[in-house]
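A.B. asks: sequence? don't have it. structure:
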């Protein structure tokens, strides 16, 4: 999370508990895979909590690059594929399922493209006193983590394109699904993204991931609803 190590660890614990409950309540393998979303978010928030500590503790400085890349992989690579994929597994309507599958491939394209870009350029973590240091990638500012990528302009244009596809894969897919209440997953994603853009511009990656983690409650809600309906 973008606010503090304590907040990140607290969020990780809550999300982990929700994920365990969601998986336990699931009645089929597709439901268990879908129910694992909060668990993935829990690991992601744990990683950013450790990243906060590495910025403050010199003894953890050697872990910063690993923690930075790990968090960015979760935030930028995992979700555009995992969200549509888990929804595709759950969907029973064949027409909707074929349409969702297209977004699974879109998400896979985004994941591969962003992963290549991410590991083609160095990422560093700096202290609050070095926010404007050349080549800095992550900084502390106003209690937020800012991820700044040192990439050429043509790659930035690719990132913009991938961002649009990312949003399409994660936000549009839930609205396509015929599963009751699934649209609320898309609504939470959309509202959290608009909130991050409007109120935390410059910290979108970290802030959006925190607020998007709220969809873990929606995931549990959907699992409970499927269980009530006896849907496999």
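C.D. replies: Thanks, I have the structure now. This is a predicted model, so every value here is computed, not measured.

A.B. asks: poorly predicted segments of the protein, please.
C.D. replies: Counting by pLDDT under 70, the chain shows low-confidence ranges at 1-4, 124-148, 196-213, 230-232.

A.B. asks: tell me where it has helices.
C.D. replies: 5-25, 29-35, 37-56, 64-72, 79-90, 94-118, 153-167, 173-176, 183-199, 204-212, 215-229 (DSSP state H).

A.B. asks: for the fourth one, which positions count as buried?
C.D. replies: Pointing back at helix 64-72 there. Neighbour counts using 16 or more other CB atoms under 10 Å place 64-65, 67-72 of helix 64-72 among the buried residues. All C-beta spots, glycine's among them, are computed from the backbone N, C-alpha and C.

A.B. asks: let me see the contact set for the nearest residue to residue 89 once chain neighbours are set aside.
C.D. replies: Counting by CB to CB, 6 or more residues apart in numbering, residue 30 is the residue found nearest to residue 89 once chain neighbours are left out, at 3.9 Å. Counting by CB atoms under 8 Å, 6 or more residues apart in numbering, residue 30 touches 86, 89-90.

A.B. asks: tabulate those residues (CSV), appending distance to residue 152.
C.D. replies: Listed next are those as CSV, based on distance: CB to CB, whole Å:
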residue, distance to residue 152
86, 34
89, 38
90, 40
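
A.B. asks: check the burial of the residue nearest to residue 215 when sequence neighbours are not counted by counting its neighbours.
C.D. replies: Nearest residue to residue 215, sequence neighbours excluded (CB to CB, 6+ apart): residue 188, at 4.3 Å. By other CB atoms under 10 Å, 21 other residues sit near residue 188.

A.B. asks: please apply the same query to the one 3 residues further on.
C.D. replies: Using other CB under 10 Å, the number of residues around residue 191 comes to 15.

A.B. asks: check residue 88 too.
C.D. replies: Quick note: residue 88 (other CB under 10 Å) scores 23 neighbours.

A.B. asks: hang on, it packs against residue 99?
C.D. replies: No - counting by CB atoms under 8 Å, residue 99 is not a contact partner of residue 88; they are 9.5 Å apart.

A.B. asks: residue 122 and residue 59: what is the separation?
C.D. replies: Applying CB to CB, to the nearest Å, the value for residue 122 to residue 59 is 22 Å.
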